[in-house]
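Visitor: build the 3D model from these lines:
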Amino acid sequence: MASDKRTKFDPKKHHRKSIRLQGYDYSREGAYYVTIVTYHRDCLFGEIVNEEMFLNEFGKIADECWRAIPDHFPFVELGAHVIMPNHAHGIIAIHNDELTSNVGATQWVAPTTPDNRPKGPKPKSLGAIIGSFKSAVSYRINKEYNATGIWQRNYYEHIIRDEKDLQNKTDYIEANPSLWDDDENNPINPLL
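Guide: You can find the predicted model right below:
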């Protein structure tokens, strides 16, 4: 019998602080490097052989859904990306969407009471894009293979500051399969 990796929720121990840059508008035009990890870092998307990533059926779905992001978010341009055995890295550039942006009142108004906070990520934001991607991958894998528990909660992001930063992140993404043996997401390596 497999052990259950879940633990009982303890609000003191499991309280999550936001990892986002406080006060930053993630729907703002710019480029972002993201890392999205599978649930329990399970290797769901394929394997690395001779420093090359070979996608399995789940990995092909993740790759197809990533490439389809601009179909659903026309103001997004994709940079380098890689689907790894248990995570994905990619660069997302958000451009001003003047044709569909609101004039005057914003969709997101300041709440007047703590109970009246908007739910979910801001529309057209990095969070909305990543949430949509994760949802699409989970939906397709569940529908086609009756599998659930694909993604770990949240994602890591880095705001790309300049061309040098963009090049460094692109180089890292492209080299990621060859770095798998030393990757902190590789299950054979102890978590840092």
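Visitor: centre-most residue in this structure?
Guide: Centroid-nearest residue in the chain: Ile36, 3.8 Å away (criterion: Cα atoms, centre = their mean).
Visitor: next structured bit after the strand or helix carrying that one?
Guide: Secondary structure from DSSP states H and E places Ile36 in strand 30-37. On the C-terminal side of strand 30-37, the nearest following helix or strand under DSSP H and E is strand 46-49.
Visitor: what's near enough to touch the residue nearest to the centre of the chain?
Guide: Neighbour list for Ile36: 87-88, 130, 133-134, 151-152, 155-156 [criterion: Cβ atoms under 8 Å, 6 or more residues apart in numbering]. Heads up, the C-betas are built off the backbone N, CA and C, glycines and all.
Visitor: residue ranges in the chain under the pLDDT threshold?
Guide: The model of the chain has pLDDT under 70 over residues 1-21, 97-119, 190-192.
Visitor: ok, longest helix in it?
Guide: For the chain, the helix that runs over the most residues, judged by DSSP state H, is helix 126-145.
Visitor: which strands or helices does that one pack on?
Guide: strand 30-37, helix 57-67, helix 69-72, strand 87-94 (3 or more Cβ pairs under 8 Å, 6 or more residues apart in numbering; DSSP states H and E).
Visitor: pretty sure Glu157 contacts Tyr32?
Guide: Yes. Glu157 lies in contact with Tyr32 (Cβ atoms under 8 Å); the separation is 5.4 Å.
Visitor: mutual contacts of these two, please.
Guide: Where contact means Cβ under 8 Å, 6+ apart, the residues bridging Glu157 and Tyr32 through contact with each are 26, 126.
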